[in-house]
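Asker: Have a look at this fold, sequence not included:
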């Protein structure tokens with residue numbers, strides 16, 4: 001697998017933490033890129049030019065950290081990140097966290113520009 005990411009993306013950090021917690025880092029090549037510079041390799045993997053983007057062993061690209069969590073739990077069920085009995089509650093809390101990250105990220109970008 002390949003994970004396209006950059007050092008400043010909180011969403012890419014979530015993806016890395018998921019991979020670490022599931023013990024999958026040895027199966028992933030980290031593809032450091034700059035999504036702000038129209039990185040050709042990133043655009044090939046994810047035409048939206050966003051990180052994180054995970055290219056699976058089958059060559060399918062997945063983006064958005066929550067979708068990565070769902071995929072990784074299905075593909076690698078050992079050490080589930082989204083437990084079946086509490087999936088709705090976990091997704092609810094994760095959604096709130098995503099919204100907070102998005103708000104914080106937008107503030108940082110607005111101040112930068």
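Answerer: Thanks, I have it. This is a predicted model, so every value here is computed, not measured.
Asker: thinking residue 12 is in contact with residue 51, fair?
Answerer: Yes: under the contact definition of CB atoms under 8 Å, residue 12 touches residue 51, with a separation of 4.8 Å. In short, each C-beta sits where N, CA and C put it, glycine included.
Asker: Comparing the two, which shows the higher neighbour count?
Answerer: residue 51 (26 against 23; other CB atoms under 10 Å).
Asker: I'd assumed the more buried one was in a strand, is it?
Answerer: No: under DSSP: H, G, I helix; E, B strand; the rest coil, residue 51 sits outside any strand and is assigned coil.
Asker: what sits in contact with each of residue 12 and residue 51?
Answerer: 5-6 (CB atoms under 8 Å, 6 or more residues apart in numbering).
Asker: which residues of the protein score low on pLDDT?
Answerer: Residue ranges of the chain with pLDDT under 70: none are present.
Asker: Mind naming the longest helix for the protein?
Answerer: Taking DSSP state H as the criterion, the chain has its longest helix at helix 87-112.
Asker: What helices and strands are in contact with it?
Answerer: In this structure, helix 87-112 makes packing contacts with helix 10-21, helix 65-75, judged by 3 or more CB pairs under 8 Å, 6 or more residues apart in numbering; DSSP states H and E.
Asker: Could you pull out the buried residues of the shortest one?
Answerer: Neighbour-count burial for helix 65-75, with 16 or more other CB atoms under 10 Å as criterion, is recorded at 65-66, 68-69, 72-73.
Asker: and if you look at the longest one?
Answerer: Taking 16+ other CB under 10 Å as the neighbour-count basis, helix 10-21 is seen to contain the buried residues 11-12, 14-16, 18-19.
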